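Q: Output the structure for:
(chains A and B)
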Amino acid sequence: MMEQFQEWAQERHSYAQEWKKQTGGKVVGYFCTYVPEEILYAADILPVRILGSHEPQDVTEPHIFGMFCPFCRDCLAQGLKGRFDYLDGIMIAQSCIHIRQAFTSWEMHLPTDFSYYLPMPNHVQSKRATPFLRGELEKFKGAVEEWTGTTITDEKLNTGIDLMNTNRRLQKQIYELRQGGNPPITGLEAMYLTISSQTTSKEDHNREMERVVSELSDRSTGRSIGTRLMLVGSENDDTEFVNMVESVGATVVIDDHCTGTRYFWNESEPNGGDPLEEIARRYVDRPACPTKDWPDRTRIPHVLKMAKEWDVAGAILIQQKFCDPHELDIPALTKAFHEAGIKTLFLEFDVTVPLGPFRVRVEAFLEMLSDEDLF
Amino acid sequence: MTTEYWRWKEYNWKNPDIDWKDAKNITVGVDVGSVSSQAVIMTDGELYAYSNMRTGSDSPESAENALDWALKDTGMTLDNILYAVGTGYGRVNVPFADRAITEIACHGRGANFMYGPTVRTILDMGGQDCKVIQVDEKGKVQEFLMNDKCAAGTGRGMEVFADLLEIPIEDIGELSFQVDEEPEPVSSTCVIFAKTEATGLLRQGWPKNDVLAAYCSAMALRVVALIERVGVEEDFAITGGIAKNAGVVKRLTGYLNLEALQPKHDTQIAGALGGALFAQTLAVKEGKVPS
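A: Predicted structure coming up:
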């Protein structure tokens, strides 16, 4: 039932190339989920997220310092290896310095027709953040209009908002089905669902979700659920890792990743006629990435609330090696989880993860959480 | 034939005071580690026999060899064993195991038996990894931390040094104290860097014992950094092969300013022992023990 999402995620390049051939439209690759896809959809552009491929590579060393995170290097490697040659443009919304380096390297070495750096404010808690971002979105919209030679009307913007909101609502609805005692989808399937939403046209993705959502409530995965786990961290599309975790007696039921819930958790709210303001507010209000979660720590109560509502027994805290923003959050998250009586396992991710050593840690973690009396 | 300085003594042992034929519950734990393999046989909650040998390239064969050697001259066969638990990195490749349990859980349980119920923090210094395990009074794991991706601070690193300096591995601890003055530690980031640095020191004319001291203290510091990430709750105990190396242990407990408990058995068998103890419980739970 969920196979289509897996296929889309795995065949993301051929999907985008086919989309381009069918529609004659433009494809823009984006580097961070703070990119307002609504505006791209309003211009009939397909936004696709640039993700890595989890293969060892040797092409980025001249361009990105070794102490930048493996994810940003893996992303750039995809460009340098020619896997995104079909892109007409690239863009980023201001994020951490690591992924910005991947973006600027790409801009320098793989020039495209269109390239845009959107200054997303980091201080999202400032009351000036939404008006500031609204102004930036106006400029961005202008740049897209100039590039494509078309005008993006409010009506088109509203269509883009509807498309994005529908996608978010459906994904959240499917994730909420995992709250019960017998989640109808595995963590791996959920991961494919969300990754594919970032690499597939939202029109196709929404249609497929609408098709499966009504059937999912009666679905059983036919496997033992085992220990309910949460994954917390930065970008994580390591399907092999999730598959391993779910093969040793656990099910991932919820996450806080930008390839997971942070991507789709909140929708734009109608405000009576200013679509750009609606979009700006949505990105300012979304579950924060640690680069933007200050001075108040909104992420920690949000993550804990999810952990409780999805009834998790333990949380795996995942950090991309050298990811400073998440590194900063790990001690506070660990403390908060422990105070809430939820045990944590910390794992450091690289482009490829050592599945054997990680398996020992995960199995020992599950043994620790288990209430089987072996003593 | 060149001398293999790294080669530690392989051996087996059996308890002369026990006649296994009187026992109802006979179980085995087999720990197939990255460097060494052990089999421990327990009879009615008592340690009956064990073996300790080098792991070969074939995990199932290593498990079988370890078991065969522990059984040697006992008259016992695999048919007499009610329950077998496999542990260690080759835990899923133990052909005769009824169940696999991680070495983390097994070291917790084994240390509880070896050191008694007061042990709360266990440092396992294994062949290719190093872990800090916190346990409750039963030996159940409460928290653990493993080193990442590097052989510095592990048994394999010590083997490399034994070969480099041409000193039998079992003598390293004692010789490392025969120095005029404690030297600065060598690099502890990586065993290869440490080896490179040590080669340089030898070229500068450092006595071998000083280089050993510098490496033992580097290894101790490396492990202290790991332990401090979890914190030490006493009583503190060390398991694994390095626990037999006083050069590391004394420096380590000195840096931590605490004493390590004295083991009642070979520290290398802790994992297999824990496996055999879990097997004792599981044999009862699964109704395999005759009443």
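
Q: What distance do you get for residue A:137 to residue A:364?
A: 48 Å (CB to CB, to the nearest Å). All C-beta spots, glycine's among them, are computed from the backbone N, C-alpha and C.

Q: typo on my end, it should be residue B:35
A: 19 Å.

Q: which of these two has more neighbours?
A: The neighbour comparison of residue B:35 against residue A:364 (other CB atoms under 10 Å in any protein chain shown) goes to residue A:364, with 24 against 19.

Q: Any chance you could list what contacts stretch A:126-135?
A: A:120, A:121, A:123, A:274, A:276, A:277, A:280, A:281, A:283, A:284 (CB atoms under 8 Å, 6 or more residues apart in numbering or on different chains).

Q: Narrow the residues you listed to those in helices?
A: Judged by DSSP state H, helices contain the following of those: A:276, A:277, A:280, A:281, A:283, A:284.

Q: Just list the residues touching the third one, thanks.
A: Spelled out, that is residue A:280. A:130, A:131, A:133, A:134, A:137.

Q: right, and out of those, which lies closest to residue A:235?
A: residue A:133 (21.9 Å; CB to CB).

Q: for the residue in the stretch 101-250 of chain A that chain B sits nearest to, what are its contacts?
A: Nearest residue of the stretch 101-250 of chain A to chain B: residue A:248, at 9.9 Å (CB to the nearest CB). By CB under 8 Å, 6+ apart, the contact set of residue A:248 is A:359, A:362, A:363, A:366.

Q: can I see the domain layout of chain A?
A: A:25-153, A:159-369 (automatic domain parsing).

Q: could you redo those as a markdown table and give each row mean pLDDT?
A: Shown next, in a markdown table, are those (pLDDT from 0 to 100):
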| stretch | mean pLDDT |
| --- | --- |
| domain A:25-153 | 97 |
| domain A:159-369 | 96 |
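
Q: near chain A, which residues of the stretch 151-291 of chain B show up?
A: For the stretch 151-291 of chain B, the residues in contact with chain A (CB under 8 Å from any CB of the partner chain) are B:278, B:281, B:282.

Q: now that we have the residues you listed, which one has the most neighbours?
A: Highest count within those by other CB under 10 Å belongs to residue B:278, 24 neighbours.

Q: Spatially, what comes nearest to residue B:252 if we skip its sequence neighbours?
A: residue B:220 (4.0 Å; CB to CB, 6 or more residues apart in numbering or on different chains).

Q: so who does the residue most central in space within chain A touch?
A: Centroid-nearest residue in chain A, with CA atoms, centre = their mean: residue A:259, separated by 2.2 Å. Residue A:259 sits next to A:51, A:191, A:194, A:195, A:198, A:235, A:236, A:237 when contact means CB under 8 Å, 6+ apart.

Q: Phi and psi next, for residue 11.
A: Picking chain A for this. Backbone dihedrals for residue A:11, given as degrees, to the nearest 10, come out at phi -110, psi 40.

Q: The intended chain is chain B.
A: The phi/psi pair for residue B:11 (degrees, to the nearest 10) reads phi -160, psi 170.

Q: Tell me the predicted confidence for the residue most central in space within chain B.
A: Geometric centre of chain B, nearest residue: residue B:240, 1.8 Å, by CA atoms, centre = their mean. If you check residue B:240, the pLDDT there is 91.

Q: Tell me the spacing between residue B:83 and chain A.
A: Distance, residue B:83 to chain A, by CB to the nearest CB, to the nearest Å: 12 Å.

Q: Show me the helices in the stretch 1-150 of chain A, by range?
A: A:3-10, A:12-23, A:37-42, A:70-80, A:97-109, A:129-148 (DSSP state H, counting those that start in this stretch).

Q: Mean neighbour count added to the ones you listed, as JSON lines?
A: Shown next, in JSON lines, are the helices of the stretch 1-150 of chain A (neighbours: other CB atoms under 10 Å in any protein chain shown):
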{"stretch": "helix A:3-10", "mean neighbour count": "18"}
{"stretch": "helix A:12-23", "mean neighbour count": "15"}
{"stretch": "helix A:37-42", "mean neighbour count": "25"}
{"stretch": "helix A:70-80", "mean neighbour count": "25"}
{"stretch": "helix A:97-109", "mean neighbour count": "20"}
{"stretch": "helix A:129-148", "mean neighbour count": "17"}
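
Q: sorry, back to before: now the residues of the stretch 151-291 of chain B next to chain A as JSON lines including secondary structure, pLDDT and distance to residue A:223?
A: Shown next, in JSON lines, are those (DSSP: H, G, I helix; E, B strand; the rest coil; pLDDT from 0 to 100; distance: CB to CB, whole Å):
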{"residue": "B:278", "secondary structure": "helix", "pLDDT": "98", "distance to residue A:223": "25"}
{"residue": "B:281", "secondary structure": "helix", "pLDDT": "97", "distance to residue A:223": "27"}
{"residue": "B:282", "secondary structure": "helix", "pLDDT": "98", "distance to residue A:223": "24"}
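
Q: Only the buried residues of the helix or strand encompassing the residue nearest to residue B:252, if you could.
A: In the assignment (DSSP states H and E), residue B:220 maps to helix B:208-230. For helix B:208-230, the neighbour count (16 or more other CB atoms under 10 Å in any protein chain shown) marks B:208-224, B:226-227, B:230 as buried.

Q: ok, now stretch B:229-248?
A: Neighbour-count burial for stretch B:229-248, counted by 16+ other CB under 10 Å, picks out B:230, B:232, B:235-245, B:247-248.

Q: Now do that stretch: distance to the chain's middle.
A: 11 Å (CA atoms, centre = their mean, to the nearest Å).

Q: where along the stretch 1-150 of chain B do the helices fall?
A: According to DSSP H, counting those that start in this stretch, the helices that the stretch 1-150 of chain B contains are B:59-71, B:103-115.

Q: Give the other helices and strands that the first one contacts.
A: Helix B:59-71 sits against strand B:11-14, strand B:26-32, strand B:36-43, strand B:46-54, with contacts defined as 3 or more CB pairs under 8 Å, 6 or more residues apart in numbering or on different chains; DSSP states H and E.
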